[in-house]
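1. curious how this folds, go ahead:
(2 chains)
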Amino acid sequence: MLEMFEYGFMQRAFLAGVIIAVLASISGTFIVLRRYSMISETLAHSALVGVAIGLVAEYSPLWSAIVFAIISAWLIEYLRSSFSLYSDAVLSILLSGSLAIAVIIVSLGGAFNNSLFSYLFGSILSVSSEDVITIAIFGAISLGALLFFSKELYFVAYDEEVAKTSGIKVDFLNFLLVTVVAIIIALSIRVVGSLLIGALMVIPSVSALQFRVGLLKTVLISLVFALLSVICGMTLSFYFSLPSGATIVLCVLGIFIVSLVINRK
Amino acid sequence: MSIKFSVPIFDIKNLNFIIKGQTILSNISLEIFTSEYIAIIGPNGGGKTTLVRMLLELEKPSGGEVKIYGKKLSNFKEWHKIGYVPQRASHVDSSFPATVLDIVKMGRISQGGFFNSFKDEDKRAVHDAMLKMDILDLQNKMIGTLSGGQRQRVMIARALASKPQILILDEPNTGVDVASQKNFYALLKKLNKEEKITIVFITHDIGVIADDITRLFTINQKAIICNNPKQTLSCQEMSELYGIDAHLLHNHRHEH
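-> Numbers count the residues shown, from 1 in each chain, chains lettered A, B, ... in the order given. Okay, the predicted model is just below:
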């Protein structure tokens, strides 16, 4: 099995994958608890607009993906809080809108090729050393922000109004959470793919919640599930020449089904 | 009973709330003082919850002003002095990953220091709140496994953990069994008399607590303030307030 680590691209993909598993599972727990799971899908599609611009302009798509995911996250929060729109409706509008814009850009720029395909479904071949460094640095900052405000985010997830009346800056925390999630999603699409990153964020957390334990244990279980899925998924992807994102998601789906069955009342 | 009051905790002047052209509250002016036990009654949709939400800055008034400890709400920072138990207190998401202890500790979060570490003072406050609500033995249980009455006690313990000077309760006993409600009313009385916590309580069970409260506010778009709650409201006033025959609203304050 260690044979795959003889390849430099596999070492980089594994390193990036492990970091993404940590980031996605911890941030995913907070968005699942906030009943905000769909935001991961919407932000992944918004990041795709950045990828499209990066590909057409022949500039690193990772940076433009981060910028567009953040803009979309702020727009979602703004629309939700200022226009009393339903959250799921806002997410749905931005998801379709972003995808349409991304497709038009790549179509006009003639960039419909394998490179775009790898951003849609993830590719372990395409992770560069620069990508790993960027993922590690931005990931550490995002994770630090999440952990620093974890108690407040937990309170807001449980009861937003009571948290607000106790003096917690709920609006700031909502913006912080969506910003961090936007960055993590943009960082992840290289390995997992924009169409599948939502699954890696949401499914490990939902599986961990089936065990009905406190927050810390839920986050830890979610983390273990995400790591297990990424490691198994990448290994299978390497030996059977499968797309990494899809293989990782199938692994996490398997874990979800097992979690459901063993915790059935 | 003579009540001596100084600076009001809440000073509400000419408060209006209009939403989509419909007037919910009109020209409400009232004050709430230290150590009072205020009951708020009124028909559903009469604006009781809206009034309380404006006191907590959860809704912005269409007109008028609310001051808290002499300050505008927007300038007030010491929100830990206010404990709030909302209407849906006993309804919780059964799969939320939190023990009773986790929930009560939330009451101390806004007072946390750097990195939000729990100091001895916080641990004591959490312990005292659970002791008062008699839930120490439940502290490691998941919140989703508790009964409605137990959850209600947990939510009040969370509010008490911040050592509030005012406790605002919006019908938190909806859906709770009768025995738990009786204990709950006794506890509110004790918190008000012994701990001098000001209580603002939206309720429909005015008959049960009429002997405990200091004043009664009846809210139905406008406010009627009753300074001697033991007299309660006349049938005519009740009929005007609720828009139905007040004799149907008979409450069991007395033994039959």
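
2. hey, C-alpha coordinates of stretch A:145-164 in CSV?
-> Written as CSV, here are the backbone C-alpha positions of stretch A:145-164 (Å, rounded to 0.1, in the frame of the first residue of the first chain):
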residue,chain,number,x,y,z
ALA,A,145,-11.0,31.6,13.9
LEU,A,146,-13.5,28.7,14.2
LEU,A,147,-12.0,27.3,17.4
PHE,A,148,-11.5,30.8,18.9
PHE,A,149,-15.3,31.5,18.6
SER,A,150,-16.4,27.8,19.0
LYS,A,151,-18.3,28.4,22.3
GLU,A,152,-20.2,31.4,20.9
LEU,A,153,-20.9,29.5,17.6
TYR,A,154,-22.2,26.6,19.6
PHE,A,155,-24.6,28.9,21.6
VAL,A,156,-25.8,30.6,18.4
ALA,A,157,-26.4,27.2,16.8
TYR,A,158,-28.5,26.1,19.8
ASP,A,159,-30.6,29.3,20.2
GLU,A,160,-29.7,32.3,18.1
GLU,A,161,-32.2,34.7,19.8
VAL,A,162,-31.2,33.9,23.4
ALA,A,163,-27.5,34.2,22.4
LYS,A,164,-28.3,37.6,21.0
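
3. that one near chain B anywhere?
-> Yes - using CB under 8 Å from any CB of the partner chain, a contact is recorded between stretch A:145-164 and chain B, made by A:F148, A:K151, A:E152, A:Y154, A:F155, A:A157, A:Y158, A:D159, A:E161, A:V162, A:A163, A:K164. Quick note: C-beta positions are derived from backbone N, CA and C, even for glycine.

4. quick one: which two of the residues you listed are the most distant?
-> With distances taken as CB to CB, the most widely separated pair in the residues of stretch A:145-164 next to chain B is A:F148 and A:E161, at 23.1 Å.

5. now do the SS call for the closest residue to chain A within the stretch 101-250 of chain B.
-> Taking CB to the nearest CB, chain A has its nearest neighbour within the stretch 101-250 of chain B at B:S110, 4.2 Å off. Secondary structure state of B:S110, per DSSP: H, G, I helix; E, B strand; the rest coil, is helix.

6. ok, back up a step: in helices only, show me the residues of stretch A:145-164 next to chain B.
-> Assignment to helices by DSSP state H places the following of these there: A:F148, A:K151, A:E152, A:Y154, A:F155, A:A157, A:Y158, A:E161, A:V162, A:A163, A:K164.

7. isn't the second one up against B:I109?
-> Spelled out, that is A:K151. Yes - when contacts are counted by CB atoms under 8 Å, A:K151 is listed as touching B:I109 (5.1 Å).

8. write out the residues of chain B neighbouring chain A.
-> Within reach of chain A by CB under 8 Å from any CB, chain B has these residues: B:56-58, B:77-80, B:82, B:84, B:86, B:95-99, B:102-103, B:106-107, B:109-110, B:112, B:115-116, B:142, B:144, B:158, B:162.

9. show me where pLDDT drops low in the stretch 51-200 of chain B?
-> Screening the stretch 51-200 of chain B residue by residue with the criterion pLDDT under 70, one finds the ranges B:89-92, B:112-116, B:174-176.

10. interface residues of chain A facing chain B?
-> Residues of chain A found near chain B (CB under 8 Å from any CB) are A:33, A:148, A:151-152, A:154-155, A:157-159, A:161-168, A:209, A:212-215, A:217-218.

11. ok, and the most crowded of the residues of stretch A:145-164 next to chain B?
-> A:F155 (27 neighbours; other CB atoms under 10 Å in any protein chain shown).

12. what's that residue in contact with, if anything?
-> The neighbourhood of A:F155, defined by CB atoms under 8 Å, 6 or more residues apart in numbering or on different chains, consists of A:V162, A:A163, A:S166, A:I168, B:M106, B:I109.

13. packing partners for whichever strand or helix holds A:I93?
-> Applying DSSP states H and E as the criterion places A:I93 in helix A:87-109. Using 3 or more CB pairs under 8 Å, 6 or more residues apart in numbering or on different chains; DSSP states H and E as the contact test, the elements touching helix A:87-109 are helix A:38-57, helix A:61-82.

14. please identify the most buried of those.
-> Using mean count of other CB atoms under 10 Å in any protein chain shown, the stretch among those with the largest mean neighbour count is helix A:38-57, at a mean of 26.

15. relative to helix A:87-109, how tilted is it?
-> Direction vectors for helix A:38-57 and helix A:87-109, defined by axes from the mean of the first three to the mean of the last three CA atoms, to 10 degrees, enclose an angle of 10 degrees.

16. the strands in the stretch 151-256 of chain B, which residues?
-> If you assign secondary structure with DSSP state E, counting those that start in this stretch, the strands in the stretch 151-256 of chain B sit at B:166-170, B:198-202, B:215-220, B:222-226.

17. in contact with A:G50, which residues?
-> Contacts for A:G50 were tallied using CB under 8 Å, 6+ apart; they are A:P61, A:W63, A:S64, A:A65, A:I66, A:V67, A:F68, A:A69, A:A186.

18. quick one on the thing from earlier: with mean neighbour count as extra columns, can I get the strands of the stretch 151-256 of chain B in CSV?
-> Converted to CSV, these look like this (neighbours: other CB atoms under 10 Å in any protein chain shown):
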stretch, mean neighbour count
strand B:166-170, 24
strand B:198-202, 23
strand B:215-220, 22
strand B:222-226, 17
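
19. got the ones you listed as a markdown table, with distance to B:D122 columns?
-> Rendered in a markdown table, the data for the strands of the stretch 151-256 of chain B read as follows (distance: least, CB to CB, whole Å):
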| stretch | distance to B:D122 |
| --- | --- |
| strand B:166-170 | 19 |
| strand B:198-202 | 23 |
| strand B:215-220 | 34 |
| strand B:222-226 | 38 |
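
20. who wins for proximity to B:N16 among those?
-> Nearest to B:N16 among these is strand B:222-226 (10.7 Å), distances taken as CB to CB.

21. mind listing what's buried along stretch B:59-77?
-> Of the residues in stretch B:59-77, those scored as buried under the neighbour-count criterion (16 or more other CB atoms under 10 Å in any protein chain shown) are B:E59, B:P61, B:G64, B:V66, B:K67, B:I68, B:L73, B:F76.

22. so the first one makes contact with B:T49?
-> It stands for B:E59. No - in terms of CB under 8 Å, B:E59 does not count as a neighbour of B:T49; the distance is 9.3 Å.

23. and A:S84, how many residues sit next to it?
-> For A:S84, the number of neighbouring residues by other CB under 10 Å comes to 7.

24. that should have said B:Q150, apologies.
-> Other residues near B:Q150 come to 19 when the count uses other CB under 10 Å.

25. so what does whichever strand or helix holds it touch, helix or strand wise?
-> Here B:Q150 sits within helix B:148-161, counting by DSSP H and E. Applying 3+ CB pairs under 8 Å, 6+ apart, one finds that helix B:148-161 makes contact with strand B:82-85, helix B:100-105, helix B:120-132, strand B:166-170, helix B:178-193.

26. could you give the angle of that helix to strand B:166-170?
-> Here helix B:148-161 points in a direction 150 degrees away from that of strand B:166-170 (the same axes, to 10 degrees).

27. excluding chain neighbours, what is closest to the residue of the stretch 51-200 of chain B found nearest chain A?
-> Ranking the residues of the stretch 51-200 of chain B by distance to chain A (CB to the nearest CB) places B:W79 first, at 3.3 Å. Spatial nearest neighbour of B:W79, excluding adjacent residues (CB to CB, 6 or more residues apart in numbering or on different chains): A:G167 at 3.3 Å.
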